[in-house]
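**Student:** Coordinates only, no sequence provided:
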């Protein structure tokens, strides 16, 4: 899979995931909402580590900066 996520995008996704996990562990969220958000959090972490978001492909979105060659 081609990389299409920039560093800022990856950091934001990881921060959102950490916040969701903290809310769950602090018992602020529970039930079905907690399960849905934890699954979303897992997807965010996975896509952050592989630097590729499958939902960006159909829309042609790339947050990855192009490298400059000199």
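**Tutor:** Structure's in. What do you need? All of these numbers come straight from a predicted model, not from anything done at the bench. Numbers count the residues shown, from 1 in each chain.
**Student:** what residues are up against the spatially most central residue of the chain?
**Tutor:** In the chain, the residue lying closest to the centroid (CA atoms, centre = their mean) is residue 44, at 2.8 Å. By CB atoms under 8 Å, 6 or more residues apart in numbering, the contact set of residue 44 is 13, 14, 16, 17. Just so you know, the C-beta spots here come from the backbone N, C-alpha and C atoms, and that holds for glycine as well.
**Student:** where along this protein do the strands fall?
**Tutor:** Counting by DSSP state E, the chain has no strands at all.
**Student:** Flag the shaky bits of this structure, pLDDT-wise.
**Tutor:** Where the chain drops to pLDDT under 70, the residues are 68-70.
**Student:** how about the helices of it, start to end?
**Tutor:** Under the criterion DSSP state H, the chain contains helices at 7-25, 31-50, 56-59.
**Student:** Quick one: residues in contact with the last one.
**Tutor:** When you say that, I think you mean helix 56-59. In contact with helix 56-59 (CB under 8 Å, 6+ apart) are residues 4, 5, 62, 63.
**Student:** Any chance of TSV for these, columns distance to residue 30 and neighbour count?
**Tutor:** Output for these, formatted as TSV (distance: CB to CB, whole Å; neighbours: other CB atoms under 10 Å):
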residue	distance to residue 30	neighbour count
4	34	19
5	30	20
62	37	16
63	33	16
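**Student:** Which one of those is nearest to residue 36?
**Tutor:** Taking CB to CB as the measure, residue 36 sits nearest to residue 5 out of these, at 22.3 Å.
**Student:** Correct me if wrong: the closest one contacts residue 53.
**Tutor:** Yes - with contact defined as CB atoms under 8 Å, residue 5 counts as touching residue 53 (5.7 Å).
**Student:** Now list whatever residues contact both of the two.
**Tutor:** Shared contacts of residue 5 and residue 53 (CB under 8 Å, 6+ apart): residue 47.
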